[in-house]
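> Let's see this in three dimensions:
(2 chains)
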Amino acid sequence: MKQIKVLGSGCSKCKKTAELIEQLAHELAIPVSVTKETSPEVIMGFGVMSTPAVAIDEQLVHSGSVPNAAQIKEWLTKESS
Amino acid sequence: MFEIFTQLADWLTYAVLGLSPDSKLGDAAHFFIEDVSKIFVLLLVMIYFIALLRASLNVEKVRDYLAGRHRGIGYLLGSGFGAITPFCSCSSIPVFLGFTSAGIPVGITMSFLLTSPLINEVAILLLMSLLGWKFTVLYVVIGMSVGIIGGFFLDSIRAERWLQSFAAKALAAGQNKTAPNQPKQEPTVLPFSQRHQFAKGETLEIFGRVWKWVIIGVGLGAALHGFVPDGWIETYLGDGQWWSVPAAVLLGIPLYSNATGVIPVMESLIINGLPIGTTLAFCMSTVAASFPEFILLKQVMQWRLLAIVFVMLLVSFSVVGWLFNAFSSFL
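Numbers count the residues shown, from 1 in each chain, chains lettered A, B, ... in the order given. Prediction:
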């Protein structure tokens, strides 16, 4: 199962990002675990400065905006290495 | 070029609503309609075109550029970039940590973060069109000075002593490293379609956030305009009342707005005779000092540093206010 982390200090865009990922995963019937990571220390550890950002299995895949549906689907369907 | 808004207001107020030009209500309604329509159009057009231009500027580039700069020029650059770089205020903590872990001194980072809410390109253009270029230049110079001097002051008292420990460690690690810790971004040339997408998104997002502030600001202005007796503000809150400046700063703290929303309020306060310095002090305090922001900063700063930054802002806005009231006759 993919471990997805949405990085961000709890702003409305971060919430939207997490909801969108959960919704799309549900539609595609892909099991995921989405968590919101708000600790500044962890966010710094990813080297992220613009939130919301998304990390999948500890790999940063996106930062700076709410990702669009096509991007999310691509992440979800990609084989985990 | 702006007459069309006056004509629109004439038509709506006198013909459609049937108000008399001599009545208080007619006066207030006219002011409200003219200003709201003018500001909305200006905002939509300006945000779009400016976003087109700055689509490729982001905080990551600014960090790479600022890392390793000499302190003297660092405050100026930090503050300048703060004025032009777009970033959501909910990102200020990640930005703070990103700069810090690249070894950028706390003062330079704070120059960036303090200037950022005070000055942005939309605010500058609104100021130009509502209050004239002299006032605009002044506002920009003052806003940047607050950022530069604030940053310099924080470094000179060695503010990094009072960071939260993980942030202090990141700063030390960043300063010991000579090579940049992250691969530099390749220079990006954005095609027009992407710039347009970015600009469209920005316009909708910023407009969605500020339109209500414009209504509130202009509404307040219209109320002042129509119903506060001429001369009342001048008599009771005028130049002679030195305490009105710190009072305006304190009043601005619990109020929170961004620079775009507060400018219509500035316009109406000045038109109604509030001294320019008192107005500036109030507006800067509304924009740059807010409790939610400070609560966020607590995650990376100890109480002591937080209190210092807070007091520093209060003092500097008051000084700005007094200076401007003292020299306003030269403007």
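
> where does B:G18 land in three-state SS?
Three-state secondary structure (criterion: DSSP: H, G, I helix; E, B strand; the rest coil) places B:G18 in coil.

> which secondary element of chain B has the worst mean pLDDT?
Lowest mean confidence among the helices and strands of chain B (mean pLDDT, DSSP states H and E): helix B:232-237, at a mean of 67.

> any idea how far A:E19 is from chain B?
Using C-beta to the nearest C-beta, to the nearest Å, A:E19 is found at 17 Å from chain B. No exception for glycine: its C-beta is placed from N, CA and C like everyone else's.

> what about that residue, helix or strand, and which?
Under the assignment given by DSSP states H and E, the secondary-structure element containing A:E19 is helix A:12-27.

> ditto for A:M49
A:M49 belongs to no helix or strand when elements are defined using DSSP H and E.

> For the helix or strand that contains B:S318, name the packing helices and strands.
Secondary structure from DSSP H and E places B:S318 in helix B:303-327. Using 3 or more C-beta pairs under 8 Å, 6 or more residues apart in numbering or on different chains; DSSP states H and E as the contact test, the elements touching helix B:303-327 are helix B:133-156, helix B:244-252, helix B:276-288, helix B:291-297.

> Please repeat the previous calculation with a cut-off of 6 Å.
Identification of packing neighbours for helix B:303-327 by 3 or more C-beta pairs under 6 Å, 6 or more residues apart in numbering or on different chains; DSSP states H and E yields helix B:133-156, helix B:244-252, helix B:276-288.

> Spell out which parts of the stretch 201-331 of chain B neighbour chain A.
Residues of the stretch 201-331 of chain B found near chain A, taking C-beta under 6 Å from any C-beta of the partner chain as the criterion, are B:Q299.

> Now B:F310. Nearest residue, chain neighbours left out?
Spatial nearest neighbour of B:F310, excluding adjacent residues (C-beta to C-beta, 6 or more residues apart in numbering or on different chains): B:F294 at 6.5 Å.

> residues making contact with stretch B:141-151?
By C-beta atoms under 6 Å, 6 or more residues apart in numbering or on different chains, the surrounding residues in contact with stretch B:141-151 are B:75, B:79, B:107-108, B:110-111, B:114-115, B:118-119, B:312, B:316, B:320.

> any chance of those residues in TSV, plus secondary structure?
Written out in TSV, the entries for those read as follows (three-state DSSP):
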residue	secondary structure
B:Y75	helix
B:S79	helix
B:G107	helix
B:I108	helix
B:M110	helix
B:S111	helix
B:L114	helix
B:T115	helix
B:L118	helix
B:I119	coil
B:M312	helix
B:S316	helix
B:V320	helix
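
> Throw the residues you listed into JSON lines and include distance to A:L20 and pLDDT, thanks.
Rendered in JSON lines, the data for those read as follows (distance: C-beta to C-beta, whole Å; pLDDT from 0 to 100):
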{"residue": "B:Y75", "distance to A:L20": "40", "pLDDT": "92"}
{"residue": "B:S79", "distance to A:L20": "36", "pLDDT": "90"}
{"residue": "B:G107", "distance to A:L20": "39", "pLDDT": "92"}
{"residue": "B:I108", "distance to A:L20": "36", "pLDDT": "92"}
{"residue": "B:M110", "distance to A:L20": "34", "pLDDT": "90"}
{"residue": "B:S111", "distance to A:L20": "36", "pLDDT": "91"}
{"residue": "B:L114", "distance to A:L20": "34", "pLDDT": "86"}
{"residue": "B:T115", "distance to A:L20": "33", "pLDDT": "88"}
{"residue": "B:L118", "distance to A:L20": "33", "pLDDT": "82"}
{"residue": "B:I119", "distance to A:L20": "33", "pLDDT": "83"}
{"residue": "B:M312", "distance to A:L20": "40", "pLDDT": "90"}
{"residue": "B:S316", "distance to A:L20": "42", "pLDDT": "89"}
{"residue": "B:V320", "distance to A:L20": "43", "pLDDT": "86"}
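
> Highest neighbour count among those?
For the contacts of stretch B:141-151, neighbours were counted using other C-beta atoms under 10 Å in any protein chain shown, and B:S111 has the most, 32 neighbours in all.

> quick one on the thing from earlier: now do the helix holding B:S318 against helix B:276-288, angle only.
Counting by axes from the mean of the first three to the mean of the last three C-alpha atoms, to 10 degrees, helix B:303-327 points 150 degrees away from the direction of helix B:276-288.

> Which positions in helix B:303-327 come out as buried?
B:305-306, B:308-309, B:312-314, B:316-318, B:320-322, B:324-325 (16 or more other C-beta atoms under 10 Å in any protein chain shown).

> now stretch B:155-170
When burial is assessed from 16+ other C-beta under 10 Å, stretch B:155-170 yields the following buried residues: B:D155, B:A159, B:E160, B:W162, B:L163, B:Q164, B:F166, B:A167, B:A168, B:A170.

> how about the first one, what does it touch?
Going back to what we said before, that points to B:D155. With the criterion set at C-beta under 6 Å, 6+ apart, B:D155 makes contact with B:P105, B:G107.

> How much space separates it from B:P105?
Remark: distance between B:D155 and B:P105 (C-beta to C-beta, to the nearest Å) = 6 Å.

> With the fifth one instead?
The span separating B:L163 from B:P105 equals 11 Å under the rule C-beta to C-beta.

> Near chain B, which residues of chain A are found?
When proximity is defined as C-beta under 6 Å from any C-beta, chain A approaches chain B at A:S9, A:C11, A:P40, A:E41, A:I43, A:M44, A:G47, A:V48, A:M49, A:S50, A:T51.

> Good, wrapping up.
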